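A.B. asks: kindly return the folded structure for what I paste below:
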Amino acid sequence: MNNPHPLTTESRLERGRRALDAIDGQAGRNVIDSLAGIAPDFATYLFEFPFGDIYSRPGLSLRDREIATIAALAAMGTAAPQLRVHIEAGLNVGLSQEEITEILIQMAVYAGFPAALNGLAAAKEVFAEKAPDAVADLA
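C.D. replies: Predicted coordinates for the structure are as follows:
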């Protein structure tokens with residue numbers, strides 16, 4: 001496999017840790033910490049592949065990658081905890097609450113109203129945690 005980062009000596013693990021901190025902040029660290037007692041190797045896989053390899057690639061900004069991730073997780077309809085983490089990540093990389101809300105509304109067209117409603121409910125929870133006074137009744 002070609003190295004998507006030919007100008008760096010940073011390992012996949014180091015790059016992944018840095019990317020996870022920048023993207024997910026505390027929510028990402030909570031996911032990694034939750035794996036310590038059951039599957040610490042899986043935490044390494046999460047650092048290396050999604051964050052060290054994919055999120056660190058050139059071609060899309062972190063903001064754009066989070067738009068895609070939020071849309072995909074909402075459309076899946078089976079990944080509410082991960083959706084909440086990535087809604088928070090979206091806020092961390094510059095998405096506004098309004099933009100995240102629009103991404104989730106867009107999912108009604110392609111994934112159905114239940115997926116959009118569930119996504120909006122997850123967003124409402126995250127928004128309330130991040131800025132309780134700024135959350136309007138969304139869903």
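A.B. asks: least confident secondary structure element in the protein?
C.D. replies: Lowest mean confidence among the helices and strands of the chain (mean pLDDT, DSSP states H and E): helix 12-34, at a mean of 89.
A.B. asks: what's the distance between it and the middle of its chain?
C.D. replies: Centre-to-centre, helix 12-34 and its host chain are 11 Å apart (Cα atoms, centre = their mean, to the nearest Å).
A.B. asks: residues contacting Glu125?
C.D. replies: Shown in contact with Glu125 (Cβ atoms under 8 Å, 6 or more residues apart in numbering): Arg84. Every C-beta, even on glycine, is put in place using the N, C-alpha and C of the backbone.
A.B. asks: could you check the helix or strand where it lies and say which residues are buried?
C.D. replies: Element membership of Glu125, judged by DSSP states H and E, is helix 113-130. Buried residues in helix 113-130, counted by 16 or more other Cβ atoms under 10 Å: Ala115, Ala116, Leu117, Asn118, Gly119, Leu120, Ala122, Ala123, Lys124, Glu125, Val126, Phe127.
A.B. asks: nearest to Glu99, of those residues?
C.D. replies: Nearest to Glu99 among these: Ala123, at 10.6 Å, using Cβ to Cβ.
A.B. asks: low-confidence ranges, this structure, go.
C.D. replies: 1-8, 132-139 (pLDDT under 70).
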